[in-house]
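Engineer: sequence and predicted model, in that order:
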Amino acid sequence: MPKTSGATVSVELYRQLAWLPKPPPDFASRCREFANNSGDLGKQIRWLATHALDEHQLSRLGRTIRSAQQNGQSLAPLVPFRLGLIGNGTLDLIAPVLVATAARHGFALECITGAYDQFLQDALTAESTVNQARPDAVLVALDHRGLALRPSPGNEQLANESMDAAIGLLDSIRAGISRNGGAPCIVQTLAPPPEGLFGSFDRALTGTARNLVDRVNQKICHSILQSTDMLLDVAGMAETVGLADWHSPALWNLAKLPFADAFVPLYAEHVGRIMGAMRGRSRRCLVLDLDNTIWGGVIGDDGMEGIQIAQGDATGEAHLSVQQLALALRARGIVLAVSSKNTDCVARRPFKEHPDMLLKEEHIAVFQANWNDKATNIRAIAKELALGLDSFVFLDDNPVERDLIRQELPEVAVPELESDPATYARTLAAAGYFEAINFSEEDRARAEMYQANARRLSLQGQNTDLESYLRSLEMRIVFGSFNRTTRARLTQLINKSNQFNLTTRRYTESQVEQLETDPAVMTLHARLIDKFGDNGLICVVICRATGFARWTIDSWLMSCRVLGRGVEQAVLSEIVRRARAAGIETLEGLYVPTDRNEMVRDHYGKLGFMRMDDGSDVSSRWELDTDVELEELPMTVERDESQLELT
Amino acid sequence: MEKAQVYGKLTAIFREVFDEDELSVTPQTTADDVDGWDSLSHIRLVLAVSKAFGVKFSASEIGNLKNVGEFATLIEKKA
């Protein structure tokens, strides 16, 4: 008898957030105890939020977080985030759920909710509470009712007028928020109401509700691609769970709820993912178990002929769909690794020899098949890839292994899986660990870059002499100033870099554009190329003239991929060279600690700066004379002069 | 469903919705008797009750309720 497919890959998967583990039975008392917690409150809250809580539990947790914030309790390591919330209908029920969900994504969220149905005033008035709060982003929660789409079946002219009015309204709101609040917007697509008028023909006939919503959604998507605003695909969410359940006429009439309360956890989870992606917190690496995860059976017991991986076999196809998803993720830049309890050569054999395997050894950046516990293995993978543990997702069919990783490495995301492998791929996709708000050529190549980096690191292992190792990489560093072509990528780096980031100052794309021409600002970016490939733009520096013959290094951030390769020294040399040319005598460096940037605490000290403050504060201030002698660099230096001529 | 059962469950829901561990409800309890029972928490209460008892209410049923006793009677009929 084939196993019946489980109920939780239906709508329940999404409604219950079933990739998260079930909440502890003492959920309510844990919430109560938070009021007395003075040690690791932020950690405890994040742990509790990372369970499959329903809308009432999330609301409860959200209110608990809010009172902790009001009582001045520290929520570190949760990072503050201010979200404006405007839209039509009752949003107050959503706000506490957003607060609790944001904790799952590492944020101490403050939600500033606009007045009921006053979204236009909230956006256009500089004095509105939402704009005054200077939010990090504003969620524009408008549905088809808020945009006042007027169906006009068969009348193309009226249909166009109605669509133009809706898009015009959205544009005014987005421009207003940008101008008055300085924040990017999260803009929603519209979930079409299920009530049809003509039947199937509704979708084809111009001007029907269904037709208008489809076309408005296309226009919204198009405009998002031209802007720095972000998309929340409510239409996609509602279609996934079913429009009939998403829209509740009873709840709209009763309380003006824009959609059924049972889906608020899913909605909030999607908003949390976007905030995470904005701040560079989306996951980057998928660690795969082998036996009964990417193939059926146990390779060590069943052998090459015994494992189930073939097309035409129900179990085999289920595991193949996991491999397909992993490959698709890799093609968009997610790094793949393996952690398996196996003898290395046995575990590798299917990759090398099995004709039905889609995954090959070359797709796997780090292959850990041994008899160590998996926490040790994942730590080793993290080290080899130079990625933080919070970049990892661990997929394993074995509940014992999953529990172990959740306990030992709470930073790693570990999706719950049902026993039926047919559910694995969908569950992994539904968990949304790899949310992106844009996609570039560099993203596409990212998996390759990390893999090359892992090869560099193993080369480093063979080279005992660091100097000759660095020389063997044949590095070239190319410096340039901010310009139009690099603007989008630099903005992405400025907003997503967390670890090697001295001040973690975030700038929007329009602010970056202003920096390009500001005469009191020196901007610098660097690209690093070596014999394994192009690492892309890996460094951003912004210096501001802050006194006589003095520059303050406002921002210095780098990709962690290139650490330990003399790039810091090369960048400093370039700053000093430019400073001297501009008559600058003193460079001032700042270190502003966050929960993520411990690694650069002594960055300026290592580069020869003198600490200028008394050391009592966690922040620090450093200075360097520009007549300092510069070190010889293990790389060739080039300057992108072509762009200088353009500007 | 038994009246006592309904009240037991209702009390737990009220405590959860109003974040008040000591809260107890009687048939005579009205919105005026409970701190923070505004229109928003009223909706949260109705949604929580719907979910806990697996019942649905129409707008007119909700609009006509005068006290907890009437709410409990309505639940008893449906659950």
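Structural biologist: Thanks, I have the structure now. Numbering: from 1, shown residues only, chains lettered A, B, ... in the order given.
Engineer: for the residue in chain B that chain A sits nearest to, what are its contacts?
Structural biologist: At 4.3 Å from chain A, residue B:43 is the closest residue in chain B, using Cβ to the nearest Cβ. For the C-beta atoms, the positions are set from N, CA and C on the backbone; glycine is no exception. Contacts here follow Cβ atoms under 8 Å, 6 or more residues apart in numbering or on different chains; on that basis residue B:43 touches A:90, A:93, A:254, A:255, A:257.
Engineer: need the three-state assignment for the nearest residue to the fourth one once chain neighbours are set aside.
Structural biologist: Pointing back at residue A:255 there. In space, residue A:255 comes closest to residue B:43 once its chain neighbours are excluded; the distance is 4.3 Å by Cβ to Cβ, 6 or more residues apart in numbering or on different chains. Classification of residue B:43 by DSSP: H, G, I helix; E, B strand; the rest coil places it in helix.
Engineer: next one: residue A:575
Structural biologist: Per three-state DSSP, residue A:575 ends up helix.
Engineer: tell me if I'm right that residue A:11 and residue A:243 touch.
Structural biologist: No: with contacts counted by Cβ atoms under 8 Å, residue A:11 stays clear of residue A:243, the gap being 11.4 Å.
Engineer: show me where pLDDT drops low in the stretch 501-647 of chain A?
Structural biologist: A:641-647 (pLDDT under 70).
Engineer: redo that, cut-off 90
Structural biologist: A:508-510, A:530-536, A:559-566, A:594-599, A:613-618, A:629-634, A:640-647 (pLDDT under 90).
Engineer: chain B too?
Structural biologist: Checking chain B against pLDDT under 90 turns up B:1-5, B:15-25, B:30-44, B:56-66, B:76-79.
Engineer: how about the residues of it by chain A?
Structural biologist: Residues of chain B lying close to chain A (Cβ under 8 Å from any Cβ of the partner chain) are B:16-17, B:19, B:21, B:40, B:43-44, B:46-48, B:51, B:56-59, B:62.
Engineer: please pick the buried ones from those residues.
Structural biologist: Neighbour-count burial within those applies to B:16, B:17, B:19, B:43, B:44, B:46, B:47, B:48, B:57, B:62; the criterion is 16 or more other Cβ atoms under 10 Å in any protein chain shown.
Engineer: just to revisit the earlier point, closest one of the contacts of residue B:43 to residue A:342?
Structural biologist: Distance to residue A:342 across the contacts of residue B:43 (Cβ to Cβ) is lowest for residue A:93, with 49.0 Å.
Engineer: can you pull the pLDDT of that closest one?
Structural biologist: Here, the pLDDT recorded for residue A:93 equals 91.
Engineer: now do the phi/psi pair for it.
Structural biologist: phi -70, psi -30 (degrees, to the nearest 10).
Engineer: now do the contacts for it.
Structural biologist: A:59, A:255, A:257, A:261, A:264, B:40, B:43, B:44, B:47.
Engineer: quick one: distance of the helix or strand the fifth one falls within to the chain centre.
Structural biologist: Of the helices and strands defined by DSSP states H and E, residue A:264 is found in helix A:264-278. Using Cα atoms, centre = their mean, to the nearest Å, the mean C-alpha position of helix A:264-278 is found 10 Å from that of the whole chain.
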